[in-house]
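Q: Structure here, sequence nowhere to be found:
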């Protein structure tokens, strides 16, 4: 079976969480299906060395100032040339990319998260989502697809209340690559690109949580996120352009993701888990990952969060035990168990559309 993944951003550069998700998803699909990535942006050499075949804007004749309907037409031509049975778009707001694709080609959306839940969560904390949508609107958008991918059981439960479009839970995962522990018992890590949610999360961490920690620590902040004013005496190191995070994680005793609003793909929680490093987070930060995280690493109030940080930093044996538990949990998960039902649903839907199976 052939599938074409459509994109309008260079996800292969893996600069943000949604890009890492798209890259991971395409790598998985390429192992089981004939995958072509069709991009409305120019594809660089690293993208062309990936496991999937790729057609970029340069090949499709797409120019930067081209109207959206013309871009959609070029994409449709590429989909037809690829003989794809289905097209996959990331996020509901990328549906325009498949607008000119023939109707006999199945439409699949990778939702990334529940946008209405994200918008409502942000609104409760005075923040505005980049995609403001109600549950009714999100359900109507999902109804336009033949099949939807949800990243977690929590998202799938929310979607089932708003649409009858078939759902497959395709979790966001990264390869397990445990690192040798080189921590000093004091190093904390927060990794984030700049965004309103990440800014308020880091502010909450630096201004409200860390002053309560009763153990020596040094916080490393990695990424483009805007850093608030640092309290006097607090050891904070800011690293902006880090080409390889592995050495940083190897020196990390405890990663931190005290997110309390929004949705997202949870890269700040997932990445340390896959490196075998403990990460302290919240129920929101553990959304879709709860079964991979020991109970001691989840807290939802600043006092407990700070207490656990101090407890873990002060106990090397505890950190080692948590790391071993995380590695065992990640290793035992069958991360591609969603592929057989996904392929079966696509096959049935293709047969139905072609008339091989009467409706």
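A: Noted; the coordinates are in hand. Fair warning: this is a prediction, and the values are worked out from it, not measured in the lab. Numbers count the residues shown, from 1 in each chain.

Q: Only C-alpha atoms from now on, for both contacts and neighbour counts.
A: Noted.

Q: Secondary structure class of the spatially closest residue to residue 201 that is not a sequence neighbour, three-state.
A: Excluding its sequence neighbours, the residue lying closest to residue 201 (CA to CA, 6 or more residues apart in numbering) is residue 259, at 5.6 Å. Assigned by DSSP: H, G, I helix; E, B strand; the rest coil, the conformation of residue 259 is coil.

Q: Where do the domain boundaries of this structure fall?
A: Structurally, the chain divides into domains by automatic domain parsing as follows: 2-173+335-354, 187-332.

Q: If I average pLDDT within each of those, which one is lowest?
A: Per-stretch mean pLDDT for those is lowest at domain 2-173+335-354 (a mean of 91).

Q: How many residues are close by residue 341?
A: 12 (other CA atoms under 10 Å).

Q: Hmm, I typed the wrong one, I wanted residue 103.
A: Close neighbours of residue 103, defined as other CA under 10 Å, add up to 10.

Q: likewise residue 125?
A: Neighbour count for residue 125, taken as other CA under 10 Å: 13.

Q: Help me confirm that it comes into contact with residue 262.
A: No: assessed by CA atoms under 8 Å, residue 125 is found out of contact with residue 262, at 9.2 Å.

Q: one step back: distance to residue 179 for the domains of the chain - can I get that in TSV?
A: Output for the domains of the chain, formatted as TSV (distance: least, CA to CA, whole Å):
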stretch	distance to residue 179
domain 2-173+335-354	17
domain 187-332	6
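
Q: so which of the ones you listed gets nearest residue 180?
A: Proximity of the domains of the chain to residue 180 was assessed by CA to CA; the nearest stretch is domain 187-332, lying at 6.1 Å.

Q: how close does the residue nearest to the spatial centre of the chain get to residue 113?
A: Most central in the chain under CA atoms, centre = their mean is residue 265, positioned 2.9 Å from the mean C-alpha point. Distance check for residue 265 against residue 113: by CA to CA, to the nearest Å, it reads 7 Å.

Q: Now the common contact residues for the two.
A: Residues touching both residue 265 and residue 113 (CA atoms under 8 Å, 6 or more residues apart in numbering) are residue 151.

Q: Neighbours of residue 292, how many?
A: Residues near residue 292, counting by other CA under 10 Å: 20.

Q: what sits against it?
A: Residue 292 sits next to 273, 326, 329-330 when contact means CA under 8 Å, 6+ apart.

Q: Now the two most distant members of those residues.
A: Spanning the widest gap among the contacts of residue 292 are 273 and 329, at 9.4 Å by CA to CA.

Q: For the spatially closest residue to residue 97 that is not a sequence neighbour, identify the helix or strand it belongs to.
A: For residue 97, ignoring the flanking residues on the chain, the nearest one in space by CA to CA, 6+ apart is residue 72 at 5.2 Å. Using DSSP states H and E, residue 72 sits in helix 68-82.

Q: now that helix, how far from the chain's geometric center?
A: Taking CA atoms, centre = their mean, to the nearest Å, one finds the center of helix 68-82 at 27 Å from the center of the full chain.

Q: Stretch 163-173 too?
A: In terms of CA atoms, centre = their mean, the centre of stretch 163-173 is found 14 Å from the chain centre.

Q: what do you get for stretch 258-273?
A: With CA atoms, centre = their mean, you get 8 Å for stretch 258-273.

Q: Same question for stretch 155-167.
A: Distance, stretch centre to chain centre, for stretch 155-167: 19 Å (CA atoms, centre = their mean).

Q: And it, what's buried?
A: By 16 or more other CA atoms under 10 Å, the buried positions in stretch 155-167 come out as 155-156, 158-159, 162-163, 165-167.

Q: Next, format these as JSON lines and append distance to residue 107.
A: Formatted as JSON lines, the buried residues of stretch 155-167 follow (distance: CA to CA, whole Å):
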{"residue": "155", "distance to residue 107": "19"}
{"residue": "156", "distance to residue 107": "18"}
{"residue": "158", "distance to residue 107": "20"}
{"residue": "159", "distance to residue 107": "17"}
{"residue": "162", "distance to residue 107": "18"}
{"residue": "163", "distance to residue 107": "15"}
{"residue": "165", "distance to residue 107": "11"}
{"residue": "166", "distance to residue 107": "12"}
{"residue": "167", "distance to residue 107": "12"}
